[in-house]
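1. Quick one, structure for this:
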Amino acid sequence: MVRLVQEMQAQGWARPVAVGSNDPAAGGLGKAASLGLATFAVDHRKYKGDRAGFEAELLHQLQMTAPDVVCLAGFMRILTPDFVARFQGRMLNIHPSLLPRYPGLNTHRRAIEAGDDQAGATVHLVTPELDGGPILGQARVDVLPGDTADTLAARVLVQEHRLYPEVLRRFVLNQPLPVMLDAD
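-> Numbers count the residues shown, from 1 in each chain. Coordinates of the predicted model:
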């Protein structure tokens, strides 16, 4: 999230309006505030069993900032089709695998266990299908002998910080997609 904000602020191709989280203790909120952004948190734990209530408050917070595009990063909640429909075609997510392989959790461990030669990250449009929206960009890294889920995740994260800003820039400027990056 910080990298997205810094790229937008430095290059001026978009204006970040707010950073939100479903966890009031998320470190990104403080970082966003230090960059001059409005922040909000809608604690999903307060809405246990009330997804509609959680999404209504999340939608309210988002509508107060009037975003043109919503960028998810580390948002580990499944959104309902009705919520996703409100931002159809303008909600992006980054996922730590080369989709369509390994939607969901434990992606790095799954890639290693499968014997994959490469892993990576994908930026995609959010649709009601979990990690199933159209791919806007991918970054690949080699899976190295002896990799653990943590070592692989660290290398993928470096590429995520390159990929997401580039995809978002091209998305908002209506430039060609998808973006395909290989590790340097």
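
2. What is the subsequent helix or strand relative to the longest helix belonging to the chain?
-> Determined from DSSP state H, the single longest helix within the chain is helix 149-172. The C-terminal neighbour of helix 149-172 among helices and strands, as given by DSSP states H and E, is strand 179-182.

3. Could you pull out the buried residues of that following strand?
-> 179, 181 (16 or more other C-beta atoms under 10 Å). Bear in mind the C-beta positions are built from the backbone N, C-alpha and C, glycine included.

4. ok so, going back, I'd like the distance from the longest helix of the chain to the chain centre, please.
-> Helix 149-172 sits 9 Å away from the centroid of its parent chain (C-alpha atoms, centre = their mean, to the nearest Å).

5. Give me the contact list for that helix.
-> The contact list for helix 149-172 (C-beta atoms under 8 Å, 6 or more residues apart in numbering) reads 3-4, 7-8, 11, 13-14, 68-69, 71, 73, 92, 94, 96, 106, 108-109, 111-112, 119-121, 123, 136-141, 143-144, 175-179, 181, 183.

6. Okay, domains of this protein per the record?
-> The record's domain parsing of the chain by automatic domain parsing lists 18-66, 70-182.

7. Could you dump these into a markdown table with mean pLDDT added?
-> Shown next, in a markdown table, are the domains of the chain (pLDDT from 0 to 100):
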| stretch | mean pLDDT |
| --- | --- |
| domain 18-66 | 96 |
| domain 70-182 | 97 |
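
8. out of those, deepest packed?
-> For these, the largest average neighbour count (mean count of other C-beta atoms under 10 Å) is found in domain 70-182, namely a mean of 17.

9. which phi and psi does residue 98 have?
-> Main-chain dihedrals, residue 98, degrees, to the nearest 10: phi -90, psi 80.

10. Is it in contact with residue 119, as I believe?
-> Yes: with contact defined as C-beta atoms under 8 Å, residue 98 and residue 119 form a contacting pair (6.5 Å).

11. Overlap of the contact sets of these two?
-> residue 140.

12. any chance you could map the helices in the protein?
-> 2-11, 27-34, 51-65, 81-86, 107-113, 149-172.

13. what does the fifth one rub up against?
-> Read it as helix 107-113. Contacts of helix 107-113 (C-beta under 8 Å, 6+ apart): 95-97, 101-102, 119, 143, 147-150, 152-153, 156.
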